[in-house]
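> sequence plus predicted model, see below.
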Amino acid sequence: MDDPHAGRGRHAPPHEPVLSSHGTSLAGREPSLAVALGSGGARGLSHILVLEALDELGIRPVAIAGASIGALIGAAYASGIPAQELRHMVSSLLKDRGEVMRRLLAARVGRIADLFGGLGNPVLLDAERFLEGFLPASVPERFEELAIPLHVVATNYWARREQVFSSGEIRPAVAASLAIPGLIRPVVHGGHTLVDGGAVNPLPFDLLRLRADKVLAVDITGGHGGETRGVPRPFDAMFAALQIMAGSIVAEKLKSGAPDILIRPNVDGFRVLDFFRSAAIFKAAEPVKDEVKRRVEAVLA
């Protein structure tokens, strides 16, 4: 995503909410809101509309947590880019297929010869190079420089557990959270080998319980991608299986305690890699803005 404001000093000073031992805001009379943005590939473009609704209400989250695409969108928004501008940047880039493919090819680490030699995946992407091509340049280097505190979820591959980043370098953490197995190469960061955060915590609202009075979470794990029968193509099967697992994790988390507001945009009919259908995704998810406004106003009243 190209950023027309790169280098123009648009970042507000970082801040932390003052919380009681029960997670209640002591900083003022207005209840505070934190936002969790879930994993789900192209469906995650709908996160931008949820953030647009908050901007239109004049509500600024006191914290954001994100996994995979949620970490990418969350990092851009937490840096101070308004959601409407973020939507414009995404739409403009994804209309230019040639430019998108150029950036993807620049991030590719696999070779066609490797496929026939059994050595690897010819479309494998380097996570950090991929991120360089799509994260706005105005996103700062470190979490501490963000306008809104951010928590990024990745999966520690060898320890088989969640790894959460909220300080230090932003880009390696977000790159790790995006590292979908089979498509994006794992990231080595902080002495850990890391892959997609959606593998362990695809909707990280639990990280925000003590960060704000109320938590809004955006779940995009449901649905079947538009097809209901037949044998899926290999890549579709792989990504759909990841989404099925993510949906199961979210369902179990909700049994033990749901967020104050759970939002599910109407994006079930889209596949994980349907980024070139961004206009259709935004159109399908547009009604979510009214839902977000109605429910947030009711909860924060």
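In hand now; what should we look at?

> can you tell me the centre-most residue of this protein?
Nearest to the mean C-alpha position of the chain, by C-alpha atoms, centre = their mean, lies residue 70 at 0.9 Å.

> remind me what the helix or strand containing it packs against, helices and strands.
Under the criterion of DSSP states H and E, residue 70 resides in helix 69-78. The contact analysis (3 or more C-beta pairs under 8 Å, 6 or more residues apart in numbering; DSSP states H and E) places helix 69-78 against strand 33-37, helix 46-57, strand 63-67, helix 83-94, strand 150-156, helix 170-177. C-beta: built from backbone N, CA, C; applies to glycine.

> quick one: least confident helix or strand in the protein?
One helix or strand of the chain scores below all others by mean pLDDT, DSSP states H and E: helix 112-117, with a mean of 41.

> which element follows it toward the C-terminus?
Criterion used, DSSP H and E; the element after helix 112-117 is helix 127-134.

> pLDDT (mean, whole number) over that next one?
Helix 127-134 shows a mean pLDDT of 94.

> in the stretch 201-301 of the chain, which spans are strands?
For the stretch 201-301 of the chain, the strands defined by DSSP state E, counting those that start in this stretch cover 214-218, 261-263.

> buried deepest among the ones you listed, which one?
Among those, strand 214-218 has the highest mean neighbour count (mean count of other C-beta atoms under 10 Å), at a mean of 26.

> where does the stretch 1-150 of the chain have low pLDDT?
Low-confidence segments of the stretch 1-150 of the chain, defined by pLDDT under 70: 1-29, 110-123.

> quick revisit: skip the chain neighbours and tell me the closest residue to the residue nearest to the centre of the chain.
With C-beta to C-beta, 6 or more residues apart in numbering as the criterion, residue 70 has its nearest non-adjacent residue at 3.1 Å, and that residue is residue 37.

> one more: residue 139?
Leaving aside its sequence neighbours, residue 139 sits nearest to residue 79 (C-beta to C-beta, 6+ apart; 4.4 Å).

> right, and that neighbour touches residue 149 too?
No: between residue 79 and residue 149 there is no contact, the gap being 11.8 Å when judged by C-beta atoms under 8 Å.

> the residue nearest to residue 70: what's it in contact with?
With contact taken as C-beta atoms under 8 Å, 6 or more residues apart in numbering, residue 37 is in contact with 44, 47, 50, 64-67, 69-71, 73-74, 218.
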